[in-house]
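1. Sequence and predicted model, in that order:
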Amino acid sequence: MHQMKEGFRCFSKILSKTSKERMIRLIQIGTRVGAICDADEEVNLFGYGIYVGEEIPPKGVTFLGIDLNSIGRKNPKIVLDNGDIVWGCQCWWGPEEEIKQAIGGRKVNIVPVPSIK
């Protein structure tokens, strides 16, 4: 299973923290987005899909070791084109065109979404 690499922050190279927070608030439900697992010279991509809003994820979806379901914390939900669900805390995500720009000419590997335990 691919784990998000600590050193890569997709939008950190593009946007400041304030801009990222503002952009997430501006992304409308139904927007096409991309979801990156990790990247360096190559990009491990979960895929492209639709941002469907914020929901409380199922048990087992964690952020910084905290189960978001157990604390009732909502998280961005993305339904990929293949039907898989990836949560915002599991990836670096944003509008499809901006993800494609961030990827640039690097090799892209499609990787599976982490299973929830």
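-> Nice, I can see it. Numbering: from 1, shown residues only.
2. The strand or helix carrying Val108 packs against which elements?
-> Here Val108 sits within strand 107-110, counting by DSSP states H and E. Contacts defined by 3 or more C-beta pairs under 8 Å, 6 or more residues apart in numbering; DSSP states H and E place strand 107-110 against strand 42-55. Where you see a C-beta, it was placed from the backbone N, CA and C, and this is true even at glycine.
3. Quick one: distance of the strand it packs on to the chain centre.
-> Strand 42-55 sits 5 Å away from the centroid of its parent chain (C-alpha atoms, centre = their mean, to the nearest Å).
4. okay, and for this protein, where does confidence drop off?
-> 1-25, 117 (pLDDT under 70).
5. make it 50
-> Applying pLDDT under 50 to the chain flags the ranges 1-19.
6. for it, what spans make up the strands?
-> Along the chain, counting by DSSP state E, strands occupy 32-39, 42-55, 62-63, 66-67, 75-80, 85-87, 92-95, 107-110.
7. I'd like those strands as TSV, with distance to Gln101 appended.
-> Shown next, in TSV, are the strands of the chain (distance: least, C-beta to C-beta, whole Å):
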stretch	distance to Gln101
strand 32-39	10
strand 42-55	12
strand 62-63	26
strand 66-67	32
strand 75-80	18
strand 85-87	20
strand 92-95	10
strand 107-110	13
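8. Of all those strands, which one comes closest to Leu26?
-> Ranking the strands of the chain by their distance to Leu26 (criterion: C-beta to C-beta) puts strand 92-95 first, at 9.5 Å.
9. Listing partners with orientation, what would you give for the closest one?
-> Strand 92-95 sits in its sheet next to strand 32-39 (antiparallel), going by DSSP bridges.
10. Now the strand it pairs with: buried residues?
-> Across strand 32-39, burial judged by 16 or more other C-beta atoms under 10 Å covers Val33, Gly34, Ala35, Ile36, Cys37, Asp38, Ala39.
11. Lovely, talk soon.
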